[in-house]
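[1] sequence first, predicted coordinates after that:
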Amino acid sequence: MKPAHWRPLALRDVEAAAAWYGEQAGLEVELAFVDALVSAVDMLVQHPSAGASRYAVM
């Protein structure tokens, strides 16, 4: 299983989104957003072919 590699721009986007959630709704929502994102990325790492296969043959 290959690990996920976060590009610097992606990390900046995540940090900005998390900060926005924190400002708008508080720390609990900010942390829930980060947890959900990490869970989704972990799932994709474990199951890279998960999701729609709409573009798989292109």
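    On my side now, so go ahead. Numbering: from 1, shown residues only.

[2] okay, the closest residue to Gln46 other than its chain neighbours: pLDDT?
    Closest residue to Gln46 apart from its sequence neighbours, by C-beta to C-beta, 6 or more residues apart in numbering: Met1 at 6.5 Å. For the C-beta atoms, the positions are set from N, CA and C on the backbone; glycine is no exception. Met1 carries a pLDDT value of 79.

[3] equivalent analysis for the one 4 residues further on, please.
    Reported pLDDT at His5 in the predicted model: 92.

[4] gap between it and Gln46?
    Using C-beta to C-beta, to the nearest Å, His5 is found at 15 Å from Gln46.

[5] of those two, who's got more company?
    Gln46 (9 against 6; other C-beta atoms under 10 Å).

[6] can you list the low-confidence ranges for this structure?
    Along the chain, segments meeting pLDDT under 70 span 55-58.

[7] what segments of it are helices?
    Ranges of helices in the chain, per DSSP state H, are 8-25, 27-46.

[8] I'd like those helices as JSON lines, with distance to Ser53 appended.
    Formatted as JSON lines, the helices of the chain follow (distance: least, C-beta to C-beta, whole Å):
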{"stretch": "helix 8-25", "distance to Ser53": "24"}
{"stretch": "helix 27-46", "distance to Ser53": "14"}
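
[9] which one of the ones you listed lies nearest to Ala52?
    helix 27-46 (12.6 Å; C-beta to C-beta).

[10] next, the angle from that closest one to helix 8-25.
    Angle, helix 27-46 to helix 8-25, by axes from the mean of the first three to the mean of the last three C-alpha atoms, to 10 degrees: 150 degrees.

[11] quick one: distance of helix 27-46 to the chain centre.
    Distance of helix 27-46 from its chain centroid, counting by C-alpha atoms, centre = their mean, to the nearest Å, is 6 Å.

[12] do stretch 7-20 as well
    Per C-alpha atoms, centre = their mean, the centroid offset for stretch 7-20 relative to its chain is 10 Å.

[13] what residue lies at the spatial centre of this structure?
    Nearest residue to the geometric centre of the chain (C-alpha atoms, centre = their mean): Leu37, 3.3 Å.

[14] excluding chain neighbours, what is closest to that residue?
    In space, Leu37 is closest to Val14, 6.5 Å off (C-beta to C-beta, 6+ apart).
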